[in-house]
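1. Could you look at this predicted model? Sequence included:
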Amino acid sequence: MAPGPKHLTGDQAGISDFINKFDIFLFDCDGVLWTGDHLFSGTVETLELLRAKGKKIVFVTNNSTKSRSDYQKKLTSMGIPSNVDEIFASAYSSAIYIARILKLPAPKNKVYVLGESGIETELKSEGVEFVGGTDPAFRRDITPEDYTGLADGSLLDENVGIVLAGLDFHVNYLKLSHAYQYLARGAKFLATNTDSTLPSNHTFFPGAGSISIPLINMTGQQPIALGKPSQAMMDSIEGKFQFDRKTACMVGDRLDTDIKFGLEGKLGGTLAVLTGVSKKEEWEAEGAEVIPHYYVDKLSDLRG
Ligand SMILES: O=C(O)[C@H](O)[C@H](O)COP(=O)(O)O
Ligand SMILES: [Mg+2]
């Protein structure tokens, strides 16, 4: 039986050894720093402590509703100093993938967005055209004319070659119907991330992964997911910061995204925090495959 993760809470010597092992910490946001707009106590001081010790901090979130600059504003409003280059969100990761890796030939390279303004802002920053997203024309009930126009394609944009599904707080039958028709006509199916739930207000709400489920159910296709645990995101981060993976640690609340991201990225360490989605019983279960190196009850426990 592989030894379980080291519990650092209350272990001053263990915490000091842990921090000294790493030069860079990749921090998940939802469920680690905050739940919704509620900042966990001690978060600011813990980040300050790491920075005072010369540690590099990168914020790596699967939440695609905000752009990097939106996130910088949120971090600032929470009292957490940052620069936009230290922020990697799945909307940015997706825009980079579409513009610089997938690179569909024009004109069939437009994106149908199921998601919020964060995705739109990052696609714009990469010069990628899109339809859907926060367009108010889609925030209504489906009509008989929609059925007709979707069936004969007259309501569709012939240059859409990609459906990108993220967390959409305004998802509805009309939007899903458009997305399905594009997929049925051969559009590539991408997702910013597939988190099943969004931790907020100390409970859970539908996550991005629960927005794309209807399309998976209708098409039988699994989307290419571009947030954690996708290594495309890890490669982008490594490319930008040129860090040594052996002295990097991923800090997160979800085993199937954050900790898997760090393990598959062969980082020097992974730290699970129990204030978000995953519980220790998950990695203690018989046959558990995703086991963090360390865990704390809450992030501020790193202050000893
Ligand atoms: O549903 C989602 O998009 C995710 O639950 C959420 O936003 C995850 O954000 P993270 O924990 O990666 O900051
Ligand atoms: Mg999280």
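-> That came through, no problem. Ligands and ions are numbered 1, 2, ... in the order given.
2. How about the lowest-mean-pLDDT helix or strand in the chain and ligand 1, touching?
-> None of the helices or strands of the chain scores lower by mean pLDDT, DSSP states H and E than helix 231-241, at a mean of 90. No: counting by C-beta under 6 Å from any ligand atom, ligand 1 has no neighbours in helix 231-241; the shortest distance is 10.5 Å. Placement of C-beta: from N, CA and C, glycine included.
3. Who are the packing partners of that helix?
-> strand 56-61, strand 87-89, helix 90-96, helix 260-264 (3 or more C-beta pairs under 8 Å, 6 or more residues apart in numbering; DSSP states H and E).
4. go again using 7 Å as the cut-off
-> Applying 3 or more C-beta pairs under 7 Å, 6 or more residues apart in numbering; DSSP states H and E, one finds that helix 231-241 makes contact with strand 56-61, helix 90-96.
5. So the closest residue to residue 10 other than its chain neighbours versus residue 204, what's the distance?
-> Distance criterion C-beta to C-beta, 6 or more residues apart in numbering; nearest residue to residue 10, sequence neighbours excluded, is residue 301 at 7.3 Å. Plainly put, residue 301 is 23 Å away from residue 204 if you go by C-beta to C-beta, to the nearest Å.
6. Among the two, which residue is more densely surrounded?
-> residue 301 (19 against 15; other C-beta atoms under 10 Å).
7. and the more buried one, that's in a strand?
-> No: under the criterion used here (DSSP: H, G, I helix; E, B strand; the rest coil), residue 301 is helix, not part of a strand.
8. Would you agree residue 60 is in contact with residue 28?
-> Yes: between residue 60 and residue 28 a contact is recorded at 6.2 Å, counting by C-beta atoms under 7 Å.
9. Now do the helices in the stretch 51-200 of the chain.
-> With DSSP state H, counting those that start in this stretch as the criterion, the stretch 51-200 of the chain has helices at 68-77, 90-96, 117-125, 144-151, 173-184.
10. What is the neighbour count of the nearest residue to residue 265 once chain neighbours are set aside?
-> Counting by C-beta to C-beta, 6+ apart, the nearest residue to residue 265 once its immediate chain neighbours are dropped is residue 234, at 4.2 Å. Using other C-beta under 10 Å, residue 234 is surrounded by 24 other residues.
11. Against residue 258, how distant is residue 234?
-> Taking C-beta to C-beta, one finds residue 234 at 11 Å from residue 258.
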